[in-house]
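K.L.:
please find the sequence and the predicted model below.
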Amino acid sequence: MSRGFWWVMAVLLGCAVAQVARDGRLASLIPDEVKYKKGFVNPGGRPEGFNSAMLWGIAIADTRVSGYEQAQVEVGSARLSCHINEHEVVLNDDHGALRGGLYRRFPWFGTDEHTAMPVEYDPGDDAVILRVGEDTKHVWHFWGASPRVTFPPGKLEGCTVKMKVKISRGALLQVGFDYWRNATTGYGAGANNHEAGASDWYFSSDEWQEARFSDISRVTSGADLELPP
């Protein structure tokens, strides 16, 4: 084998080792009870006959972090668009509004039973505030304020969620979306919706950031996502 071949192999091995180390550190930053600690795209894709979708977000407080009682997530906007017939079609585009509930955290989403999710509105930032540090026994699960929309006719390549968020110390956020059988069906026993996947978890930042997930070209979230120190 040539020296160049072994150099390439060494670089690839080094990259693989670095990725494993990064994944390990990422997992250690996520509480043990969380089901998906790393972003993924559902290999099953959109089920046949499912013609709608809805974005979602999951916010929690990390009780291992000092001061978690004040942890909060602000959501300024939540947008779901889909690529149909080589054009972007916006299904949901909400600002300063969302819907959601408090779901069981131990075990993770152990039941569909939930209570109303408390929210506050910040008119200055036109954002919804989720004070996750005030209830650490539940998952703060939310979705778009506007209703689900039926896909227009055409070839669907996939969909993308983008949220403008500000995450305080001790708070964590994951975003994704579900495909739904149609625009009006309820959850039922779970057969009416199909999880498209989820992003990596997003961590605290002093500034607004974009949380993103897409099942197009297997993109789950920003490749250069910053981990906290």
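P.N.:
Right, received. Where do you want to start?
K.L.:
contacting residues for Leu173?
P.N.:
Gly57, Ile58, Ala59, Val73, Val165, Ile167, Trp201, Tyr202, Ala211 (CB atoms under 8 Å, 6 or more residues apart in numbering). No exception for glycine: its C-beta is placed from N, CA and C like everyone else's.
K.L.:
ok, now Ser204?
P.N.:
Ile167, Ser168, Arg169, Gly170, Ala171, Pro228.
K.L.:
please name the bridge partners of the residue nearest in space to the middle of the chain.
P.N.:
Of all residues in the chain, the one closest to the mean position by CA atoms, centre = their mean is Val175, 1.0 Å from it. Beta-bridge partners for Val175, by DSSP bridges, are Gly57.
K.L.:
quick check, it in contact with Ala198.
P.N.:
Yes. Assessed by CB atoms under 8 Å, Val175 is found in contact with Ala198 at 7.2 Å.
K.L.:
what's the overlap in contacts for those two?
P.N.:
The contact lists of Val175 and Ala198 share Phe213, where a contact means CB under 8 Å, 6+ apart.
K.L.:
can you check the pLDDT for Arg218?
P.N.:
Looking at Arg218, its pLDDT reads 49.
K.L.:
let's see if you can find the most crowded of the contacts of Ser204.
P.N.:
Ala171 (27 neighbours; other CB atoms under 10 Å).
K.L.:
can you tell me which of the contacts of Leu173 lies closest to Leu98?
P.N.:
Nearest to Leu98 out of the contacts of Leu173 is Gly57 (CB to CB; 7.8 Å).
K.L.:
where does the protein dip in pLDDT?
P.N.:
Along the chain, the model assigns pLDDT under 70 to residues 1-27, 190, 218-229.
K.L.:
could you pull out the helices for it?
P.N.:
Remark: helices assigned in the chain by DSSP state H are 3-28.
K.L.:
domain assignment for it?
P.N.:
1-30, 33-218 (automatic domain parsing).
K.L.:
which of these sits most buried?
P.N.:
domain 33-218 (a mean of 18; mean count of other CB atoms under 10 Å).
K.L.:
can you give me the offset of that one from its chain's centre?
P.N.:
Relative to its chain's centre, domain 33-218 lies at 5 Å (CA atoms, centre = their mean, to the nearest Å).
K.L.:
in the protein, which spans are strands?
P.N.:
40-41, 52-61, 73-84, 87-95, 98-104, 114-116, 120-122, 127-130, 138-144, 149-150, 156-167, 171-180, 193-198, 209-214 (DSSP state E).
K.L.:
when you compare where the second one runs with where strand 98-104 runs, what's the angle?
P.N.:
Spelled out, it's strand 52-61. Interaxial angle, strand 52-61 versus strand 98-104 (axes from the mean of the first three to the mean of the last three CA atoms, to 10 degrees): 60 degrees.
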